[in-house]
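1. Here is the input, now give the coordinates:
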Amino acid sequence: MTAASGPHRIPVARRTRRVPALGEHRATVAVAALSAGLGALVVTGAEAAHRIVELGERTGSSATVAAILPVVAWVFIGIALYVSAVVASNTCATVIAGRTRSLALQRVLGATGQQLRWQVTRTGTACGLVGAAVGTVAGTVVADAALGVAAAADALPPLGVLAPPSLVPIGLLVAAITTIAFRVGSRAVLTISPLRALEAGVEAPPGASRSVGRTVTASILFLLGTAGLGVSVVLGATSVDSLLLAVACGALSFTGVVVAAPVLLPAVLRIAAAVSARSVVPAMAARNSLRAPKRTARATVGLLIAVTLMATFSVGFSTYASMLQGQAADDPEYYRGIQEQFDQLAVMFTGLVGAAGIIAAAGVVAVTALTIAQRGRELGLLRVVGATRQQVRALVLAETAITVAVAVVLGGLLGTAYGWAGAYTLLGATKGAVLIAPVVPVWLVVVVVLGAAGTGLAAALGPAARAVRAAPVAALRYE
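-> From the prediction side, this is the model:
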């Protein structure tokens with residue numbers, strides 16, 4: 001008699017229809033809340049920028065500014081939603097990787113792949129709705145509080161309490177994006193065979209990510225996006241609307257980088273392993289990361305988003321400021337009074353960039369902590385074969401250092417290119433605009449390096465400490 005037949009049939013289908021308690025998916029809810037919070041900050045910030053410009057004597061009646069503002073608002077909203085989509089997909093992949101054995105056991109008991117896919121999808125929907133509601137409310141409250149403090153300090157004019165109507169659709173979009181990400185990501189469930197329930201690891205074999213199709217797809221996306229960015233820069237001299245093309249093409253090229261991560265990272269990791277061959281812990285960390293390229297890619301992508309986001313906004317804003325100063329020097333009468341408005345917008349957007357960086361970093365901590373927690377058995381087995389707690393913690397920190405280094409370098413380069421293209425396409429059509437080199441503020445380098453290192457430590461130390469706190473023999477029964 002099988003598990004799925006006879007008088008004592010196990011109700012697998014009924015069990016898979018149950019939506020797991022949200023307490024089991026705190027990381028997913030947190031990521032959805034952070035994404036919605038970022039969206040709320042962006043929407044509220046765009047509304048505040050619109051009010052500030054309207055209050056200006058020159059900018060309030062400017063047809064050029066009136067054309068630029070809606071474009072900028074849509075750009076920020078599009079970026080927030082794109083970040084939400086990438087982070088949600090990354091989280092879904094992490095969750096499914098951690099539940100591989102559990103899902104395989106359900107396959108043993110008779111559950112079909114489609115039943116498990118719907119289980120994962122419903123989890124994503126529930127987490128997305130709860131997280132979106134919490135994040136939207138929290139993001140709006142934080143944005144209004146920050147604007148109130150800035151007004152009290154005379155850094156911004158009083159704007160009152162802002163609650164743009166677009167907050168509701170943004171929250172619903174974040175919930176929908178989370179659901180779609182989990183639905184699409186749940187396709188990986190179909191590849192989980194019942195025999196995976198007998199395996200100790202949660203990751204697929206190392207060679208599983210080496211796909212010619214993945215490489216070709218990533219190359220096409222990146223090349224098309226890069227070419228589109230070039231076209232948008234050329235069109236930026238005549239039309240402000242080219243900024244929308246620049247953002248879309250930037251998202252396309254970044255998607256290519258994300259798709260290619262499990263293929264590109266092994267090459268970087270092999271170099272790291274060769275360089276650190278004489279040092280046991282760093283070499284072991286590089287080889288361990290190479291053994292699970294998909295896991296390493298998920299950890300790197302999260303931090304890569306945060307660094308790219310910070311670099312894009314900072315370089316774009318600094319380049320825009322430098323271009324505007326040059327135009328004002330050439331024609332002070334035309335740009336009279338605009339500098340004061342620009343300084344006010346600078347205060348607001350600097351706060352928005354900082355908040356976006358903090359939110360993205362918090363998302364990195366949530367996903368990375370979940371990934372390390374899922375490696376409890378693996379880290380515990382190192383203790384069984386003789387590694388000390390200090391050596392295991394050093395191994396985790398070395399792996400985190402590799403992730404931080406890759407994310408900082410690649411994210412800094414991508415963010416610089418995106419920010420520069422965005423600044424010129426936004427200002428290139430205005431009077432006296434001249435194409436200049438990207439302006440990279442020194443503080444950005446310091447903040448990104450220290451912030452990425454701090455984020456990596458915050459994400460790794462706690463879960464690593466918990467993983468090695470138990471007795472080594474516990475790893476033999478860890479689930």
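2. Which residue ranges of this protein form strands?
-> In chain order, the chain shows no strands, with DSSP state E as the criterion.
3. got the domain boundaries for it?
-> Using automatic domain parsing, the domain ranges for the chain come out as 20-199, 264-479.
4. and the longest one, average pLDDT?
-> Just to be clear, that refers to domain 264-479. Taken as a whole, domain 264-479 has a mean pLDDT of 74.
5. closest one to Val216 among the domains of the chain?
-> Closest to Val216 of the domains of the chain, according to CB to CB: domain 264-479, at 13.6 Å. To be clear about C-beta, it is placed using only N, CA and C from the backbone, and glycine gets the same treatment.
6. distance of Ala285 from Ala394?
-> Plainly put, Ala285 is 8 Å away from Ala394 if you go by CB to CB, to the nearest Å.
7. Also Leu414?
-> Counting by CB to CB, the separation of Leu414 from Ala394 is 30 Å.
8. With Val31 instead?
-> Separation of Val31 from Ala394 (CB to CB): 28 Å.
9. Of the two, give the one with the bigger neighbour count.
-> In this comparison of Val31 against Ala394, neighbours counted by other CB atoms under 10 Å, the higher total goes to Val31 at 33 against 18.
10. just checking, the more buried one touches Thr91?
-> Yes - counting by CB atoms under 8 Å, a contact exists between Val31 and Thr91, whose distance comes to 4.7 Å.
11. Helices of the stretch 201-350 of the chain, residue ranges please.
-> 212-235, 242-275, 280-291, 293-330, 338-373 (DSSP state H, counting those that start in this stretch).
12. Count the neighbours of Ala248 for me.
-> Burial measure for Ala248: 17 neighbouring residues, criterion other CB under 10 Å.
13. same check, this time on Ala453
-> Using other CB under 10 Å, Ala453 has 15 neighbouring residues.
14. List the residues that contact the residue lying closest to it once chain neighbours are set aside.
-> The shortest distance from Ala453 to any residue other than its chain neighbours is 5.8 Å, reached at Val404 (CB to CB, 6 or more residues apart in numbering). When the contact criterion is CB atoms under 8 Å, 6 or more residues apart in numbering, the partners of Val404 are 303, 452-453, 455-456.
15. again, 7 Å this time
-> Going by CB atoms under 7 Å, 6 or more residues apart in numbering, Val404 touches 303, 452-453, 456.
16. swap in Val442?
-> Applying CB under 7 Å, 6+ apart, one finds that Val442 lies in contact with no residue.
17. how about Thr238, phi and psi?
-> Thr238 adopts backbone torsions of phi -130, psi -20, taken as degrees, to the nearest 10.
18. And it, how close does it get to Ala33?
-> Summarising the geometry, the distance separating Thr238 from Ala33, computed by CB to CB, is 41 Å.
19. Tell me the confidence at Leu41?
-> Listed pLDDT for Leu41 reads 83.
20. Surely it is in contact with Ala145?
-> No - using CB atoms under 7 Å, Leu41 is not in contact with Ala145; the gap is 11.3 Å.
21. and those two? which has more neighbours close in?
-> Under the neighbour definition other CB under 10 Å, Leu41 and Ala145 were set side by side, and Leu41 has more, 24 against 11.
22. then stretch 98-110 to CSV, C-alphas only?
-> Taking Å, rounded to 0.1, in the frame of the first residue of the first chain, the C-alpha atoms of stretch 98-110 are listed here in CSV:
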residue,chain,number,x,y,z
GLY,A,98,16.4,26.3,1.9
ARG,A,99,13.2,24.2,1.5
THR,A,100,14.6,21.7,-1.0
ARG,A,101,14.6,18.7,1.4
SER,A,102,11.2,19.6,2.8
LEU,A,103,9.7,19.9,-0.7
ALA,A,104,11.4,16.7,-1.8
LEU,A,105,9.9,14.9,1.2
GLN,A,106,6.4,16.1,0.2
ARG,A,107,7.1,14.7,-3.3
VAL,A,108,7.9,11.3,-1.6
LEU,A,109,4.5,11.5,0.2
GLY,A,110,2.7,12.0,-3.1
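23. Any buried residues in that stretch, and which?
-> Neighbour-count burial for stretch 98-110 flags 98-101, 103-104, 106-110 (criterion: 16 or more other CB atoms under 10 Å).
24. and which of those residues is nearest Val75?
-> Distances from Val75 to those, taken as CB to CB, are shortest for Gly98 (35.0 Å).
25. Let me know the distance separating the closest one from Ile305.
-> Using CB to CB, one obtains 20 Å as the distance from Gly98 to Ile305.
26. cool, and Ala437?
-> Distance check for Ala437 against Ile305: by CB to CB, it reads 25 Å.
27. More neighbours: which of these two?
-> Between Ala437 and Ile305, counting by other CB under 10 Å, Ile305 is the more crowded of the two (23 against 8).
28. tell me the pLDDT at Leu198?
-> What the model reports as pLDDT for Leu198 is 54.
29. Let me fix that, I meant to ask about Ile10.
-> Per-residue pLDDT puts Ile10 at 42.
30. neighbours around Val384, how many?
-> Other residues within reach of Val384, judged by other CB under 10 Å, total 13.
31. actually Ile177, not the one I typed
-> For Ile177, the neighbour count with other CB under 10 Å is 25.
32. Confirm for me that Thr425 is in contact with Ser232.
-> Yes - because the distance of 5.2 Å satisfies CB under 7 Å, Thr425 is recorded as touching Ser232.
33. And the two? Which one has more around it.
-> Taking Thr425 and Ser232 together and counting by other CB under 10 Å, Thr425 has the greater number of neighbours (28 against 25).
34. Identify the residues contacting the nearest residue to the more buried one once chain neighbours are set aside.
-> If the residues on either side of it in the chain are set aside, Thr425 comes closest to Gly236, at 3.5 Å by CB to CB, 6+ apart. Listed by CB under 7 Å, 6+ apart, the contact set of Gly236 reads 242, 424-425, 428-429.
35. What separation do you get for Gly236 and Gly139?
-> Remark: distance between Gly236 and Gly139 (CB to CB) = 31 Å.
36. Gly110 too?
-> Summarising the geometry, the distance separating Gly110 from Gly139, computed by CB to CB, is 43 Å.
37. How about Glu47?
-> 13 Å.
38. quick one: low-confidence parts of the stretch 101-250 of the chain?
-> For the stretch 101-250 of the chain, the stretches with pLDDT under 70 are 193-211.
39. what comes up buried for stretch 26-45?
-> Applying 16+ other CB under 10 Å to stretch 26-45 flags 27-45 as buried.
40. Please export the C-alpha coordinates of that stretch as CSV.
-> The C-alpha atoms that make up stretch 26-45 are tabulated as CSV, following Å, rounded to 0.1, in the frame of the first residue of the first chain:
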residue,chain,number,x,y,z
ARG,A,26,9.8,36.5,8.2
ALA,A,27,12.5,37.2,5.7
THR,A,28,10.0,37.3,2.8
VAL,A,29,7.6,39.6,4.6
ALA,A,30,10.6,41.8,5.6
VAL,A,31,11.8,42.1,2.0
ALA,A,32,8.2,42.9,0.7
ALA,A,33,7.9,45.5,3.4
LEU,A,34,11.3,47.0,2.6
SER,A,35,10.3,47.2,-1.1
ALA,A,36,7.0,48.8,-0.4
GLY,A,37,8.7,51.2,2.0
LEU,A,38,11.2,52.2,-0.7
GLY,A,39,8.3,52.7,-3.1
ALA,A,40,6.4,54.9,-0.5
LEU,A,41,9.6,57.0,0.1
VAL,A,42,10.1,57.5,-3.6
VAL,A,43,6.4,58.4,-4.3
THR,A,44,6.3,60.8,-1.3
GLY,A,45,9.7,62.3,-2.3
